[in-house]
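Undergrad: Predicted model and sequence follow; I will ask about them next.
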Amino acid sequence: QVQVVESGGGLAQSGGSLRLSCTASGNIFTISTMRWHRQAPGREREFVAGFTNGAPTYTDSVSRRFIISKDNAKNTLYLQMNSLKAEDTAVYSCNVRGMGRYKEGGRYEFDEWGRGTQVTVSS
């Protein structure tokens, strides 16, 4: 079983910064994708940032303010959020996909979400 846990959310003022972390743990053989999404009140969940073929990709609204990075050895994804705006207020969730391994051998695909971490930006 694979678990995904996010941390680092909180309250920030407009123009401020926060750094989010997402760590995957458990019986992981390999991770293929780690991505950040967010869901604001009354809105659908949207993609924020992730790695595609090794290159970072961002949704347009954050591309010049947020920076995504990862530590493969720790199965951890980070999101440095700068110049925060009120419209960045949302629950930020991490999605991790890859291959897990059974204790008795064998592999299986996993697609797991964390519970999310609240980011609130005051204007």
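TA: Happy to help now that I have it.
Undergrad: now the strands for this protein?
TA: Secondary structure of the chain (DSSP state E): strands at 2-7, 10-13, 18-26, 28-39, 46-52, 55-58, 66-71, 76-81, 90-101, 107-113, 117-122.
Undergrad: looking at those, which is buried most?
TA: Comparing these by mean neighbour count (mean count of other CB atoms under 10 Å), strand 76-81 comes out on top with a mean of 22. Backbone N, C-alpha and C define where each C-beta goes, glycine included.
Undergrad: Given that one, what are its sheet partners and their directions?
TA: Paired neighbours of strand 76-81 in the sheet (DSSP bridges): strand 18-26 (antiparallel), strand 66-71 (antiparallel).
Undergrad: Backbone dihedrals for Gly42, please?
TA: When read as degrees, to the nearest 10, the backbone of Gly42 gives phi 80, psi 10.
Undergrad: how many other residues sit next to it?
TA: For Gly42, the tally of surrounding residues (other CB atoms under 10 Å) stands at 5.
Undergrad: With Leu18 as the reference, measure out to it.
TA: For Gly42, the distance to Leu18 equals 22 Å [CB to CB, to the nearest Å].
Undergrad: what's the answer for Phe47, then?
TA: For Phe47, the distance to Leu18 - CB to CB - is 19 Å.
Undergrad: ok, now Leu79?
TA: Distance of Leu79 to Leu18, given as CB to CB: 8 Å.
Undergrad: can you check Arg65 too?
TA: 11 Å.
Undergrad: Which neighbours do those two have in common?
TA: Met81, Leu84 (CB atoms under 8 Å, 6 or more residues apart in numbering).
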